[in-house]
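In: Provided below for reference: sequence and predicted model.
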Amino acid sequence: MRLQFLGANRQVTGSSYCLEAGGLRLMIDHGMFQERKFQNRNRDACPIRADQIDFLLLTHAHLDHCGLIPKLVREGFSKPILATSASVELTQIVLEDSAHIQEEDDLHRRNWEPNPAGMIRIRKRCFTALKMWIA
């Protein structure tokens, strides 16, 4: 058995762990780093290849536990995401809200010039990830 800490290690947010046991690789949470000092880590690729993860277990629907799941899907994760039905419902709200905020940030960074392709990409990843939940 091997447990690897990928986030929320010496900081509060960015919860993400990888548990390897019995020939399976289980990701536990994959959340956003929210402290300003660590936000640049949200752009980094997951240190575990997304296509080598067998399951993702979401402990609860806070952004610092689920916020990078759409990015993990973009990186190639396509296996089931396990969560309670309440977490699935709340995660949909949290991820949609986060996508909206990212779109607004994108507009702000581009001096208020719309970037429709970027906005669609963010929402599309969010909706793709939401289809993978198993409650």
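Out: Good, I have the coordinates. Numbers count the residues shown, from 1 in each chain.
In: show me where the chain has strands.
Out: 2-5, 16-21, 24-30, 55-57, 81-82, 133-134 (DSSP state E).
In: Compare the mean pLDDT across these and name the weakest.
Out: When those are compared by mean pLDDT, strand 133-134 comes last with a mean of 72.
In: What count of nearby residues applies to the closest residue to D54 other than its chain neighbours?
Out: Computed as CB to CB, 6 or more residues apart in numbering, the closest residue to D54 that is not its neighbour in sequence is L24, at 4.7 Å. All C-beta atoms are positioned from the backbone trio N, CA, C, and that covers glycine. As a burial measure, L24 scores 10 neighbours (other CB atoms under 10 Å).
In: Just to check, L24 is in contact with L56?
Out: No: contact criterion CB atoms under 8 Å: L24 and L56 do not qualify, at 11.9 Å.
In: any low-confidence regions in the chain?
Out: Counting by pLDDT under 70, the chain has low-confidence residues at 108-127, 135.
In: Find the centremost residue of it, please.
Out: Computing the C-alpha centroid of the chain and ranking residues by CA atoms, centre = their mean puts L68 first, at 1.8 Å.
In: Compare the strands of the chain and report which one is nearest to L63.
Out: Evaluated over the strands of the chain, closeness to L63 peaks at strand 24-30, with 10.8 Å, by CB to CB.
In: now the angle from that closest one to strand 16-21?
Out: Interaxial angle, strand 24-30 versus strand 16-21 (axes from the mean of the first three to the mean of the last three CA atoms, to 10 degrees): 160 degrees.
In: Give the partner strands of strand 24-30 in its sheet and their orientations.
Out: Here strand 24-30 has these sheet partners by DSSP bridges: strand 16-21 (antiparallel), strand 55-57 (parallel).
In: any idea which of those strands is most buried?
Out: Highest mean neighbour count of the strands paired with strand 24-30: strand 55-57, a mean of 19 (counted as mean count of other CB atoms under 10 Å).
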